[in-house]
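J.: Turn this into a model:
(chains A and B)
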Amino acid sequence: MWLIYGIISGEIPWSQGLANVIYACSTCGNCIENCRFEKFNDFLVDMIEAARVEAVNSGFCPERQKALLERTINPEKYNPYDEPNSDNEHLKKKYNLPDEAEWVYFIGCTSNYRQKNLRDATLRFLKKANINFTLIDEHCCCSPIIRTGQISPVKDFINYNITQINNTGAKKVITSCAGCYRTLKKDWIKFGADYGFEIYHTVELVKELLDEEKLKFKSEYNKILTYHDPCHIGRHMGLYEVPRDVYKQIPGINFVEMKRNKENAWCCGAGGGVKIGYPDWALEISKERLEEAKETGATVISSVCPFCRTNLQDSNDKFNINLEVIDLIEILDGLDFEITEKS
Amino acid sequence: MDKEKILKDLENIVGKDFVSNKAEDLYIYSQDPGASLPRPVDFVVMPSTVGEIQNLVRSANEHKIPLVPLGGGLTLSGLVIPVKGGIVVDMKRMNKIIEINELSKYALIESGVTSGQLLSHLNENFPNLQPPVPDAPPSATIAGNVLIHGSGYLSQKYGDHGAMINGLEVVLPDGKVCKLGSCAVSKFWFARGPIPDLIGLFISSFGTMGIITKLSIQLFDKPKFREVVFGLLNDPKDIPNILLKITETGLAEDVLLGKQDKPDWMKGYVFVIAYVTGESQEEIDSHIKSFKRVYRKAKARYMKTPDRIRTAYLEKPIFAATAADFRKGGGFEYVGANMPLENIPEAYKRGAEISKKYGIIPTLGSRLIGGTHNIVMFFSYSFNRADPKDMENARNALHETNKLALELGGIPWKAELVGQQLILEKMDPNYKKLYNTIRSTLDPNRIMNPGNWEVNK
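T.: Numbering: from 1, shown residues only, chains lettered A, B, ... in the order given. Next up, the predicted model:
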């Protein structure tokens, strides 16, 4: 915060080194939880992101983070992973999805281009759960570019995606991505979006189905599992108990908590552009989380975010931590369950 | 000064990753959260071993460049902002808890260990023991606190936190490592004596005598139950009487006083905040009854504590800096003066007058140090950090308060540079001479935090 003040007051000039300090934060929001100054602690992450906008405007956005914008605005890509844009028509065909539906599954770039297993698990789950849903030719939700202060095209992307969603007639949008969830539900509103649909994370739907006794497990998951709170679901959106309630209802599961959990959970290290900007730093942060998971005696660390999954898995592999890293939706995909009408 | 050569030397000593002369890094170390003006820094280093610190000291002597050791950087009075430029030695990497001795009840730690770190280590591994905890954020280092005669949790019962030091390991200004306390003779860091007690030389000398690398701090039994008992006093003149009556009971673990105009519900009263402990709820209830009687006899009213306030006051550390949030800009500094009980009522009266004179909401408080032997008085001033005039206003208020404290027979605690000079003006000349002789003998090149306690200024 002092550095940000120094920039605003003109006491220190922008430099690449200064930009790197501002960009090395994963914007996990733990500062918000621990800062005791209630008048402004809610805005700490906003201040960091505002400083990044200043860095961009002053020409000091670090090179690696710049790539996020370049790829996202590329009309062949529209995603930060430099992959050709998928209009998702092949998935619609494969899963026999209609053009108009009650729900839209917003896949998100990480699931669509990197963690395809998570995407496919979600598709299978939604089908099995008899959800009337479809897909859109989605463009990036803009989380990566918002987090890195590169906000110039954000409104256009939001408008495009909202139009696509509205064209399906959907009243609900569901995603398995914590980053998309936060962005659609919080950032899009902040950028002036006015949409009439509700935003769900898959875990909320699962919880709803369990609460209504519509989902009944038919097999067990006999493992010791600990849950990693993604920052974008936890601290940023306040969803702590919903995922825990779901995990705890899976038969056979031995659910254990890490020392630092919920509001005080240690970040996976990937967010805020850190994964692309400072990959080694991201893995170091993740290593600390995995070691904490190991201390609990768990053999599985699970989350509800494809980006956390990526970074935890990368760190697990790099440092030979020997944990199983898996997303909740992948666990559900591997279980037998039946969907019934409300009993 | 050949800065290129110094940079290379520093890189060789601590490694490239742990030395910086970049503007963005130096900016942080050129200021603190208080009202002091920023001052330039040449380098910052983060050593991780005693050997590295010895080499830093030798190098600083060779280059005649100042060294300023820094813990959490939270004194608020600019003590770790270099006065004459130089190298800030940030101790945060020396953060090992080396030993917890459950029988002799001490923690042997490196000097970068924070109060939050030690508290959580004990809570997890030695739940029957507790450390002294300063009224500062958990990132304050134990060393930083005890080495300024810090106070806080457990001070009423056991004295200031500096008095809880059993031993020190110090890198002297010539680079030699010296052990002080029982550890100078024994493998146990259990006591301060019985040998000539030189530990005091390193307390409140603000890094002018050497760099502390390890210390042993006393730990205490943790009672099973702890409660806070609030009383309301109308007139500050009754403070000495009520404090004497409280300490006579022998029941108080800690005693705090507070008088402030904001939040509104606090205006007009002196809040008496006593902590009682016990092994059972029945014992606590009995202590509360005793305190109700004491308060009644001392013209105070017992106040049933709302849960929100009770919880806040039972936290460790107590969030004393809440006062900092009274105005935009988040700036906060206070004169903490050690005062004799006799003049505490006058200090409250005139402290509030100073606040009003400078347009700052009166926020005053005190804490008992070892019964009524010593009262540390807090005159707090908040300011807008983004407004240089407001900061100057706060500095003027602080200066006037330092003068008041001295006039009333007190001594400003962890005084900033101008406060140090006010103290030196009143100090016994032979005390000054003795201090300066020792300092010049230990540090002929004057590399250790020069500008602080400058006798011949």
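
J.: Tell me who's in contact with residue B:18.
T.: By Cβ atoms under 8 Å, 6 or more residues apart in numbering or on different chains, the residues touching residue B:18 are B:45, B:46, B:47, B:48, B:93. No exception for glycine: its C-beta is placed from N, CA and C like everyone else's.

J.: neighbouring contacts of the helix or strand that contains residue A:205?
T.: According to DSSP states H and E, residue A:205 maps onto helix A:202-211. The contact list for helix A:202-211, computed with Cβ under 8 Å, 6+ apart, reads A:122, A:125, A:129, A:131, A:174-176, A:215, A:233, A:239, A:242-243, A:245-246, A:249, A:304, A:328-329, A:332, A:339.

J.: filter those residues to the buried ones?
T.: Among the contacts of helix A:202-211, those that count as buried by neighbour count (16 or more other Cβ atoms under 10 Å in any protein chain shown) are A:122, A:125, A:129, A:131, A:174-176, A:215, A:233, A:239, A:242-243, A:246, A:304, A:328-329, A:332.

J.: what kind of secondary structure is the closest residue to chain B within the stretch 51-200 of chain A in?
T.: Nearest residue of the stretch 51-200 of chain A to chain B: residue A:60, at 11.4 Å (Cβ to the nearest Cβ). Counting by DSSP: H, G, I helix; E, B strand; the rest coil, the backbone at residue A:60 sits in coil.

J.: residue contacts, the residue nearest to it when sequence neighbours are not counted?
T.: Closest residue to residue A:60 apart from its sequence neighbours, by Cβ to Cβ, 6 or more residues apart in numbering or on different chains: residue A:19 at 4.2 Å. Residue A:19 makes contacts with A:55, A:60, A:61, A:62, as judged by Cβ under 8 Å, 6+ apart.

J.: would CSV of the residues you listed with distance to residue A:160, neighbour count and pLDDT be doable?
T.: Formatted as CSV, the contacts of residue A:19 follow (distance: Cβ to Cβ, whole Å; neighbours: other Cβ atoms under 10 Å in any protein chain shown; pLDDT from 0 to 100):
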residue, distance to residue A:160, neighbour count, pLDDT
A:55, 26, 24, 97
A:60, 29, 21, 97
A:61, 23, 25, 97
A:62, 27, 20, 97
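
J.: Break down chain A into its strands, ranges please.
T.: A:103-105, A:133-134, A:172-175, A:198-201, A:215-217, A:224-227, A:254-256, A:300-303, A:324-327, A:337-339 (DSSP state E).

J.: okay, the ones you listed in TSV with distance to chain B and mean pLDDT next?
T.: TSV is the format used below for the strands of chain A (distance: least, Cβ to the nearest Cβ, whole Å; pLDDT from 0 to 100):
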stretch	distance to chain B	mean pLDDT
strand A:103-105	43	98
strand A:133-134	45	98
strand A:172-175	37	98
strand A:198-201	32	98
strand A:215-217	36	96
strand A:224-227	18	98
strand A:254-256	17	98
strand A:300-303	22	98
strand A:324-327	27	98
strand A:337-339	39	93
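
J.: tell me the mean pLDDT for the helix holding residue A:205?
T.: For helix A:202-211, the mean pLDDT works out to 98.

J.: list the buried ones in that helix?
T.: In helix A:202-211, counting by 16+ other Cβ under 10 Å, buried: A:202, A:203, A:204, A:205, A:206, A:207, A:209, A:210.

J.: Residue A:341: neighbour count?
T.: Neighbour count for residue A:341, taken as other Cβ atoms under 10 Å in any protein chain shown: 8.

J.: Burial check on the closest residue to chain B within chain A, number of neighbours?
T.: Of all residues in chain A, residue A:18 sits closest to chain B, at 4.1 Å by Cβ to the nearest Cβ. Per other Cβ under 10 Å, the neighbour tally for residue A:18 reads 23.

J.: cool, and the one 5 residues further on?
T.: Under the neighbour criterion other Cβ under 10 Å, residue A:23 is assigned a count of 26.

J.: count of residues packed around residue B:84?
T.: A count of nearby residues for residue B:84, using other Cβ under 10 Å, gives 15.

J.: should've said residue B:8
T.: 13.

J.: The helix or strand containing it near chain A anywhere?
T.: Residue B:8 is located in helix B:3-14, with elements delineated by DSSP H and E. No - if you take Cβ under 8 Å from any Cβ of the partner chain as the test, helix B:3-14 misses chain A, and the best it gets is 15.0 Å.

J.: if I pick residue 267, what's in contact with it?
T.: All of this is about chain A. By Cβ under 8 Å, 6+ apart, the contact set of residue A:267 is A:26, A:28, A:30, A:231, A:285, A:289.

J.: I was after chain B.
T.: Contacts for residue B:267 (Cβ under 8 Å, 6+ apart) come out as B:260, B:261.
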